[in-house]
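# predicted model, plus sequence, below.
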Amino acid sequence: MDFSEVYPLNRENLLNSSPIHRYLLKYAVLRTVRGLKFCSWEEGDVHMRRRTIFLLTTMVVALLAAAGVALAQQDPATPHPSGGADAQNVIAGQYIVVLKQGVDDPRSVAHAHARKYGADLLYTYDDAFKGYAATIPARNLDDVRSDPKVSFVSADHRVHATAQSLPTGVDRIQGDVSSTQSGNGSGSVNTAVAIIDTGIDSHPDLNVAGGTNCSTGRSYNDGNGHGTHVAGTVAAKDDNNGVVGMAPEAPLYAVRVLNNSGSGSWSSVACGINWVTAHAGSPTNIKVANMSLGGSGSDDGNCGKSNNDALHKAICNSVAAGVTYTVAAGNSNANFSGFVPAAYNEVLTVTAEADFNGLPGGGAASTCRSDVDETPADFSNFTTAGSADAGHTIAAPGVCILSTWKGGAYNTISGTSMASPHVTGTAALCIATGKCTGGPANVISKLRSDAAAQPASYGFVGDPFNPLTTGGSRPVTLYYGYLAYAGGY
């Protein structure tokens, strides 16, 4: 596993940094209620180099307590970037076959194709879309594509995870003054939430109501820690123990699509989305799903029909079934238009801001990693002002987030994977209180409009009130979205 390097601030590193990094390296920006106050920043920073391979959209850390040494898939200070050359992520010989709309029994078609074309079936789908995933011999692939029941065939890709006190993130977006008053020792939320990730640990601080396993192993239990961390930020119990989440004690459904090393495929993710779609109605009534994972790709603006994107088609159909998807923007300090599912217009994409004390205003000292309080996290992906993607973007805390961990433990890690569940929990809370009504598009609009309605003093440097613009001959205004607000739900 490659790690980004921690290095001191000097002229060479400053010149080699990205435009946004140079801006933040030059100034530590502290907000005042009526304007901005600038002071020089003389601390070291973390240089986030873009990768050209499909990697994690967050860091994932495991502690070797007995030795007192941190063993990490990603350094606890530096979330791993995601994205890169798409060809390097294709799983050779493995495909997702999307069947035409009129097919009633995709399972029988899948088995017939297995016999006819020598396909080795992996998954069948009948809710998110009609189809199946399989390894298909190269000599028979064109025959499958030309089969009268096949709409299109999509190459399968690898996918990876993206890395009681009142956690700073819950505090920062006002979870403690919501209707449940997160952190007061009581209260719960009844909106069911799916965590599409590495599974969820049977943690005493979590209300795991069920789930499914689309990955390795025999259960939806979490052998990694990432999914459990995400789940805790969404819905850790408010019971005077451990930590508390944005929507305390909400029923959680563990949708395990990544293995214990945080790896999976688009076909396994589609399997998870298919299961969520099938359980969007009674009795489970899953209304919100979190996806802190991703890889390279783009939005064709047509739910995958134009560029043969099976994952996009699955999400569109799941959204049509009433599930609101919140997803991590990614950790490459790049435009997320080249990353999916973040680029899909049907989801709410969450960027990360750095907050170290749960309060607005800036100036707090960094804790678990080097960054600047109340600015965009130095790893967070973004979009640009005026782009189509700006219409489905929102921000949340994603640096040094304390939450639940596998083995009944707790852990502090960073990444847009940690930002996304803050918004997932906020969406669940908004739906539970009746403040968010209608379908997913209405929920997304409500969350974004309420965030935008907060005063400038609530936000952070880099939000639309105080945007950051790159230098050079073609300056670009970066867009991270308004900071999510849960205080009104």
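It's in. Numbering: from 1, shown residues only.

# so Val97 makes contact with Ala133?
Yes. In this structure, Val97 is within contact of Ala133 by CB atoms under 8 Å, at 7.3 Å. Where you see a C-beta, it was placed from the backbone N, CA and C, and this is true even at glycine.

# and the helix ranked longest in the chain, how far from the chain's centre?
The longest helix of the chain (DSSP state H) is helix 416-432. Centroid displacement of helix 416-432 relative to its chain, using CA atoms, centre = their mean, to the nearest Å, is 10 Å.

# CA-only coordinates of it in CSV, if you can.
The C-alpha atoms that make up helix 416-432 are tabulated as CSV, following Å, rounded to 0.1, in the frame of the first residue of the first chain:
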residue,chain,number,x,y,z
THR,A,416,-14.6,11.7,2.8
SER,A,417,-15.8,8.3,3.9
MET,A,418,-16.1,9.8,7.3
ALA,A,419,-17.9,12.9,6.0
SER,A,420,-20.6,11.1,4.1
PRO,A,421,-22.2,9.3,7.1
HIS,A,422,-22.7,12.6,8.8
VAL,A,423,-25.0,13.5,6.0
THR,A,424,-26.6,10.1,5.8
GLY,A,425,-27.5,10.4,9.5
THR,A,426,-28.8,13.9,8.9
ALA,A,427,-31.0,12.6,6.1
ALA,A,428,-32.4,9.8,8.3
LEU,A,429,-33.1,12.3,11.0
CYS,A,430,-34.8,14.7,8.6
ILE,A,431,-37.0,11.9,7.2
ALA,A,432,-37.9,10.6,10.7
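
# strand partners (parallel or antiparallel) of the longest strand along the chain?
Secondary structure of the chain per DSSP state E: the longest strand is strand 150-161. With DSSP bridges as the criterion, the sheet partners recorded for strand 150-161 are strand 90-99 (antiparallel), strand 263-265 (antiparallel), strand 293-296 (antiparallel).

# who are the packing partners of the following helix or strand past the second one?
The one in question is strand 263-265. Moving toward the C-terminus from strand 263-265, the first helix or strand encountered (DSSP states H and E) is helix 266-278. If contacts are counted by 3 or more CB pairs under 8 Å, 6 or more residues apart in numbering; DSSP states H and E, helix 266-278 sits against strand 90-99, strand 120-125, strand 131-135, strand 150-161, strand 192-197, strand 252-256, strand 286-291, helix 310-320.

# where does pLDDT dip in the protein?
Segments of the chain classed as low confidence (criterion: pLDDT under 70) are 1-87, 162-167, 169, 171, 174-187.

# what residue of it is the furthest out?
Residue distances from the centre of the chain (CA atoms, centre = their mean) peak at Lys116, which lies 39.0 Å from the mean C-alpha position.

# quick one: that residue is in a helix?
Yes. Using DSSP: H, G, I helix; E, B strand; the rest coil, the assignment for Lys116 is a helix.

# still on that earlier bit, out of the helices and strands packed on helix 266-278, which gets nearest to Ser457?
Of all the helices and strands packed on helix 266-278, strand 286-291 sits nearest to Ser457, with 28.9 Å by CB to CB.

# indicate which one of the helices and strands packed on helix 266-278 is closest to Ser370.
For the helices and strands packed on helix 266-278, proximity to Ser370 was assessed by CB to CB; strand 150-161 is nearest, at 22.8 Å.

# returning to that earlier point: next, the angle strand 252-256 makes with the longest helix of the chain.
Computed by axes from the mean of the first three to the mean of the last three CA atoms, to 10 degrees, the angle separating helix 416-432 from strand 252-256 equals 140 degrees.

# now do the buried residues in helix 416-432.
416-432 (16 or more other CB atoms under 10 Å).

# for it, packing partners?
By contact count (3+ CB pairs under 8 Å, 6+ apart), the secondary structure elements abutting helix 416-432 are helix 168-172, strand 192-197, helix 226-235, strand 286-291, strand 324-328, strand 348-354, strand 393-397, helix 440-452.

# can you redo these as a markdown table with mean neighbour count and distance to Glu249?
Written out in a markdown table, the entries for these read as follows (neighbours: other CB atoms under 10 Å; distance: least, CB to CB, whole Å):
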| stretch | mean neighbour count | distance to Glu249 |
| --- | --- | --- |
| helix 168-172 | 25 | 14 |
| strand 192-197 | 30 | 11 |
| helix 226-235 | 34 | 6 |
| strand 286-291 | 28 | 15 |
| strand 324-328 | 31 | 19 |
| strand 348-354 | 31 | 22 |
| strand 393-397 | 28 | 20 |
| helix 440-452 | 19 | 20 |
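
# doesn't Gly210 lie inside a strand?
Yes. For Gly210, which was evaluated using three-state DSSP, the result is membership in a strand.

# test my guess that it contacts Thr284.
Yes. Here Gly210 reaches Thr284: they are 7.2 Å apart, a contact under CB under 8 Å.

# which neighbours do these two share?
Taking CB atoms under 8 Å, 6 or more residues apart in numbering as the criterion, Gly210 and Thr284 both touch Tyr253.

# now the strands paired with strand 150-161 as JSON lines including distance to Leu483 and mean neighbour count?
Listed next are those as JSON lines, based on distance: least, CB to CB, whole Å; neighbours: other CB atoms under 10 Å:
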{"stretch": "strand 90-99", "distance to Leu483": "36", "mean neighbour count": "20"}
{"stretch": "strand 263-265", "distance to Leu483": "31", "mean neighbour count": "23"}
{"stretch": "strand 293-296", "distance to Leu483": "22", "mean neighbour count": "30"}
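
# export these as CSV, with columns for distance to Phe382.
Conversion of the strands paired with strand 150-161 to CSV gives the following (distance: least, CB to CB, whole Å):
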stretch, distance to Phe382
strand 90-99, 27
strand 263-265, 26
strand 293-296, 14
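
# of all the ones you listed, which one is nearest Pro137?
The closest of the strands paired with strand 150-161 to Pro137 is strand 90-99. By CB to CB, the value is 7.6 Å.

# for the closest one, what is the distance to the chain centroid?
Taking CA atoms, centre = their mean, one finds the center of strand 90-99 at 24 Å from the center of the full chain.

# distance to Leu258 added to the helices and strands packed on helix 416-432, as TSV?
Shown next, in TSV, are these (distance: least, CB to CB, whole Å):
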stretch	distance to Leu258
helix 168-172	22
strand 192-197	6
helix 226-235	8
strand 286-291	11
strand 324-328	13
strand 348-354	19
strand 393-397	22
helix 440-452	23
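
# still on that earlier bit, figure out which of the strands paired with strand 150-161 is closest to Cys436.
Smallest distance to Cys436 across those (CB to CB): 24.3 Å, for strand 293-296.

# could you give the separation of the closest one from the chain centroid?
Mean C-alpha position of strand 293-296 versus that of the full chain (CA atoms, centre = their mean) differs by 9 Å.

# stretch 434-449 too?
How far stretch 434-449 lies from its chain's middle: 19 Å, per CA atoms, centre = their mean.

# try stretch 134-150
33 Å.

# got the contact list for that stretch?
The contact list for stretch 134-150 (CB under 8 Å, 6+ apart) reads 93-95, 97-100, 103, 109-110, 113-114, 117-122, 152-153.

# now with 10 Å?
The list of residues contacting stretch 134-150 from outside it, by CB atoms under 10 Å, 6 or more residues apart in numbering, reads 91-100, 102-103, 106, 109-110, 112-114, 116-124, 130-131, 151-153, 155-156, 267.

# pull out the buried residues from those residues.
Neighbour counting by 16+ other CB under 10 Å classes 94-99, 103, 106, 109-110, 113, 117, 119, 122-124, 130-131, 151-153, 155-156, 267 among those as buried.

# Thr375 contacts Leu468, correct?
Yes. Thr375 is within contact range of Leu468, at 8.4 Å (criterion: CB atoms under 10 Å).
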